[in-house]
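>>> generate a structure from the sequence data that follows.
(chains A and B)
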Amino acid sequence: MATFDPSTVSAVERDREKYRKKESLKSVITSLVSAIVLVAVIATALHNSPGWERVKFTFFNWDIFVQSLPAVGRGLLLNIQVLFFAVIGVAILGTLLALLRTSRSAIMLPLRWIAAAYTTIMRGIPILVVLYLIGFGVPGLVTNRISPVLLGTVAVILSYSAYIAEVLRAGFNDVHPSQRAAARSLGLTNLQTIRMIVIPQALRKVAPALMNDFISMQKDVGLISTLGAVDAIRSAQIMQANTYNFTPYITASVAFICMSVPFILLNDWYAARLRKRELNGGIV
Amino acid sequence: MTAQDTRAVLRLDNVTKAYGSNLILDHISFDVHEHEVVALLGPSGSGKSTLMRCVNLLERVNDGQIWLGDTDITDPRINENAIRSRIGVVFQQFNLFPHMSVMDNIILASTHVLHRDKTESRDKAMALLERIGMADKANSYPDRLSGGQQQRVAIVRALMTDPELLLLDEITSALDPMLVGEVLEMVLELKEQGTTILMATHEMTFAHQAADRIVLLRSGHIIENGTPTEVMDESTNPETQEFFSYFRNL
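Numbers count the residues shown, from 1 in each chain, chains lettered A, B, ... in the order given. Predicted coordinates for the structure are as follows:
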């Protein structure tokens, strides 16, 4: 195979390259200028509004921000733990529900109905109500005390499994029937087909949607604070009650944003890669 | 093939394309004249598809120039969309829009790119559909049509903007043999009407019958450029003879 040596190109190509470089420099400068102008406009508008000093003191107080960091950070560790177990729980329960929803055998009919009812009802209830039902309802059934962290985790799992199950179901249905046919024709059993052919392809298709739900779940684990678990949000609330200043909530928000940024970047990168791969296969 | 040749609708001048250091097209030069049908032949991997994509501005060339009439379409200063509306393209996989009726597919570019009158566009589309005997399908959706019908609609769609050049990229490769005939017949009719066509194809008999000139590519080089008889029947080039030997007994 002949090789291409970029140093031997004609004057025409060198001129085109020069023009393209100039154009891309121009667009970089344009975007920088427009970004600076936008930031300047917003900053001026805030500074000139009459109540800015008060709002700044109540919400964006640097001293309180620094002061609240250790407590909020300790709380965030609890959120991360809850998130870790919730992800595992959601993955298992969500997959199970999705498989039930897509199963076609007659014996599964009642379970299919239950799964359908579950996802319908759970997606309809506000997550806060689920938290109250599990967090305050379940301890009412039994006499001994149950940790609010455990109950909160269970509530998050129950709620998010319904969403994830529906995303996965869409993914399973999106795998072309010919793929199942090909797997079955090789002699794979139904379960093998699901495990080795359907699930891997389905996950690839819905990965961006799953990531999106994961990022959303990341901040919703903060809701376990309503049950009394001392997480990042609860720590912020305690400080707010002591100082009459809302900055600790901002601290907690910054912490949650920092936690989600890597996953958002990962999601964008993965979605871009998927699209590129699809485009490569699409145009012949 | 001189630079002063004004009848050339499309002129490739030392077109070079590489992916990384991998050279796909190595200084390709040839012309397509007005009212001429040029068939681009060659084995898979010879650079046919890449060449078609370069002409359609889907790929950027690494060197050389492509002229459409008097416009250098490889010049980054030109408006790519304006150039694309001057070239009609028909794809291997038809690429009709599944959510639009046949009529809406056909008149889309006419009404939304060239901003022509909608009624006028419809009349013109209807006349074209009548000529290929598909007037009754105007309000059908693409999934109700056979592959051959879809491809003929795709050709009509490409013709609606009165392109200076029609690119046909292996337009029969996705059709079963029964449906190939009706599409090729339509191409022959376009040739008779004087449409300028550059087509990549694997239909050797058809290329022999329809093309005014055959350009044979191999590993990014032109190894033949002549009339079908010169290239397919009389060439003494061993590479050419080997390529056509695969199709002798079909």
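
>>> residue contacts, residue B:95?
For residue B:95, the contacting residues are residue B:154, by Cβ atoms under 8 Å, 6 or more residues apart in numbering or on different chains. No exception for glycine: its C-beta is placed from N, CA and C like everyone else's.

>>> per-residue confidence at it?
What the model reports for residue B:95 is a pLDDT of 90.

>>> list the buried residues for the lengthiest helix in chain B?
Criterion DSSP state H: the longest helix present in chain B is helix B:177-192. By 16 or more other Cβ atoms under 10 Å in any protein chain shown, the buried positions in helix B:177-192 come out as B:179, B:180, B:182, B:183, B:184, B:186, B:187, B:190, B:191.

>>> that helix - what's its average pLDDT?
For helix B:177-192, mean pLDDT is 91.

>>> name the helix or strand for residue B:14, please.
Residue B:14 belongs to strand B:8-19 when assigned by DSSP states H and E.

>>> got the contact list for residue 38?
Assuming you mean chain A. Not one residue lies near residue A:38 by Cβ under 8 Å, 6+ apart.

>>> please refer instead to chain B.
Residues near residue B:38 by Cβ under 8 Å, 6+ apart: B:30, B:32, B:197, B:198, B:199, B:211, B:212, B:213, B:214, B:215.

>>> helix or strand for it, which one?
Following DSSP H and E, one finds residue B:38 within strand B:37-41.

>>> and the angle from that strand to helix B:177-192?
140 degrees (axes from the mean of the first three to the mean of the last three Cα atoms, to 10 degrees).

>>> residues of the helix or strand where residue B:243 lies that come out buried?
Using DSSP H and E, residue B:243 falls within helix B:238-245. Under the neighbour-count criterion of 16+ other Cβ under 10 Å, helix B:238-245 has B:240, B:243, B:244 buried.

>>> now narrow those to whatever sits close to chain A.
Among the buried residues of helix B:238-245, no residue is within reach of chain A (Cβ under 8 Å from any Cβ of the partner chain).

>>> and the helices in the chain?
Just going to use chain A. Using DSSP H, helices in chain A cover A:11-48, A:52-59, A:62-102, A:109-124, A:127-132, A:138-141, A:148-174, A:177-185, A:190-193, A:199-220, A:232-243, A:247-282.

>>> that was the other one, I meant chain B.
Under DSSP H, chain B gives helices at B:48-55, B:80-84, B:102-112, B:118-131, B:147-159, B:177-192, B:204-210, B:228, B:238-245.

>>> out of the ones you listed, the one nearest residue B:21 is which?
helix B:48-55 (15.3 Å; Cβ to Cβ).

>>> and that closest one with strand B:37-41, angle?
In terms of direction (the same axes, to 10 degrees), helix B:48-55 departs from strand B:37-41 by 130 degrees.

>>> is chain A contacted by helix B:48-55?
Yes - using Cβ under 8 Å from any Cβ, helix B:48-55 reaches chain A at B:49, B:53.

>>> and that helix, what's its mean pLDDT?
92.

>>> that one: how far from the chain's middle?
Computed by Cα atoms, centre = their mean, to the nearest Å, the chain-centroid distance of helix B:48-55 equals 10 Å.

>>> and that helix, what does it pack onto?
Secondary-structure packing of helix B:48-55 (3 or more Cβ pairs under 8 Å, 6 or more residues apart in numbering or on different chains; DSSP states H and E): strand B:8-19, strand B:22-33, strand B:37-41, strand B:165-169, strand B:197-200.

>>> just the angle between the fourth one and strand B:22-33, please?
Comparing the axes of strand B:165-169 and strand B:22-33 via the same axes, to 10 degrees yields an angle of 140 degrees.

>>> likewise for the first one?
Taking the same axes, to 10 degrees, strand B:8-19 and strand B:22-33 form an angle of 180 degrees between their directions.

>>> who does strand B:8-19 touch, helix- and strand-wise?
Contact partners of strand B:8-19 among helices and strands, from 3+ Cβ pairs under 8 Å, 6+ apart: strand B:22-33, helix B:48-55, strand B:63-68.

>>> could you dump these to JSON lines with mean neighbour count?
What follows is the helices and strands packed on strand B:8-19, written out as JSON lines (neighbours: other Cβ atoms under 10 Å in any protein chain shown):
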{"stretch": "strand B:22-33", "mean neighbour count": "20"}
{"stretch": "helix B:48-55", "mean neighbour count": "23"}
{"stretch": "strand B:63-68", "mean neighbour count": "21"}
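
>>> partner strands of the strand holding residue B:14, with direction?
Strand B:8-19 pairs in its sheet with strand B:22-33 (antiparallel), strand B:63-68 (antiparallel), by DSSP bridges.

>>> which residues sit against the last one?
Contacts made with strand B:63-68 from outside it, assessed by Cβ under 8 Å, 6+ apart, are listed as A:9-10, A:12-13, B:8-16, B:27-29, B:54-55, B:72-75, B:83, B:86-87, B:164-165.

>>> CA atoms only for that strand, dumped as PDB, please.
Below are the C-alpha coordinates for strand B:63-68, written out as PDB (Å, rounded to 0.1, in the frame of the first residue of the first chain):
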ATOM      1  CA  ASP B  63      -4.300  17.400  -2.300                       C
ATOM      2  CA  GLY B  64      -5.400  18.300  -5.800                       C
ATOM      3  CA  GLN B  65      -8.600  20.000  -7.000                       C
ATOM      4  CA  ILE B  66     -12.100  19.100  -8.100                       C
ATOM      5  CA  TRP B  67     -13.800  21.500 -10.400                       C
ATOM      6  CA  LEU B  68     -17.600  21.600 -10.900                       C
END
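
>>> from the chain's centre, how far out is it? Work that out for me.
Distance, centroid of strand B:63-68 to centroid of chain: 17 Å (Cα atoms, centre = their mean).

>>> between that strand and helix A:11-48, how big is the angle?
Interaxial angle, strand B:63-68 versus helix A:11-48 (the same axes, to 10 degrees): 90 degrees.

>>> now strand B:63-68: average pLDDT?
Mean pLDDT, strand B:63-68: 94.

>>> list the contacts of residue 10.
Going with chain A. Contacts of residue A:10 (Cβ under 8 Å, 6+ apart): B:14, B:63, B:64.

>>> switch to chain B, please.
By Cβ under 8 Å, 6+ apart, the neighbours of residue B:10 are B:31, B:32, B:55, B:66, B:67, B:68, B:165, B:196, B:198.

>>> ok, so of these, who is nearest residue A:120?
Proximity of those to residue A:120 was ranked by Cβ to Cβ; the top entry is residue B:55 with 53.5 Å.

>>> from chain A, how far off is that closest one?
Noted for residue B:55: a distance of 14 Å to chain A, by Cβ to the nearest Cβ, to the nearest Å.

>>> same check, this time on residue B:124
For residue B:124, the distance to chain A equals 29 Å [Cβ to the nearest Cβ].

>>> can you tell me the closest non-neighbouring residue to that residue?
Leaving aside its chain neighbours, residue B:124 sits nearest to residue B:160 (6.9 Å; criterion: Cβ to Cβ, 6 or more residues apart in numbering or on different chains).

>>> likewise for residue B:186?
Nearest non-adjacent residue to residue B:186, counting by Cβ to Cβ, 6+ apart: residue B:152, 5.5 Å away.

>>> and the one you found, how many neighbours?
A total of 27 residues lie near residue B:152 under the criterion other Cβ atoms under 10 Å in any protein chain shown.
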